[in-house]
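Trainee: my questions concern the predicted model and sequence given below.
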Amino acid sequence: MSYAGQQDLIDRFGAGELQELADRDNDGVIDAAVVADALADADALIDSYIAGRYDLPLAATPPRLIDVASDIGRYKLYKDEPTETVATRYKDAVSFLRDVSAGKASLDVGGAAPPAAAGGDTVRTSGDGRAFTAADMEGF
């Protein structure tokens, strides 16, 4: 499952920028394979952060993940130094994914709640009571 597609990048950043970044053979046409590779890298990064909290593949792509995948994919398309804006958006996307992974943020996955985190400081036990009481130990 891909979180974003080529059209999502065009809608967000414009066909001109995408052509400039993904026309590797200089024929004036966006190379779909180049875009697909960048978006596959974005998907892999996203999955690495959310797999611990959500069952993959997700039933539907939350709108926030389309934004995140688009920002990461755009960053991956830069062969050299990305612009400051592109780098900042990439860092913000990864920061959001870290928050999701840590349970500080969540994804709207159609009403499905993320699994409850294990842990806590409380230990619960059950049993028949004390094995030895003061009366049982009298004389020892």
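Mentor: That came through, no problem.
Trainee: low-confidence regions, this structure specifically.
Mentor: 110-133, 136-137, 139-140 (pLDDT under 70).
Trainee: show me what contacts the residue most central in space within the chain?
Mentor: For the chain, residue 46 is the residue whose C-alpha lies nearest the centre (C-alpha atoms, centre = their mean; 3.4 Å). Contact analysis of residue 46 by C-beta atoms under 8 Å, 6 or more residues apart in numbering lists 3, 65, 68, 69, 72, 97. From N, CA and C alone the C-beta is placed, and that goes for glycine too.
Trainee: what about it, helix or strand, and which?
Mentor: Assigned by DSSP states H and E, residue 46 belongs to helix 32-50.
Trainee: so which bits of that helix are buried?
Mentor: Judged by neighbour count (16 or more other C-beta atoms under 10 Å), helix 32-50 contains these buried residues: 34, 35, 38, 39, 41, 42, 43, 45, 46, 47, 49, 50.
Trainee: who touches the fourth one in this structure?
Mentor: Read that as residue 39. With C-beta under 8 Å, 6+ apart, residue 39 has these contacts: 2, 3, 4, 5, 6, 9, 69, 73, 76.
Trainee: next one: the fifth one
Mentor: For residue 41, the contact set (C-beta under 8 Å, 6+ apart) comprises 72, 73, 76.
Trainee: between the residues you listed, which is nearest residue 91?
Mentor: residue 72 (10.3 Å; C-beta to C-beta).
Trainee: pretty sure that closest one is touching residue 45, no?
Mentor: Yes. At 5.9 Å, residue 72 counts as touching residue 45 under the criterion of C-beta atoms under 8 Å.
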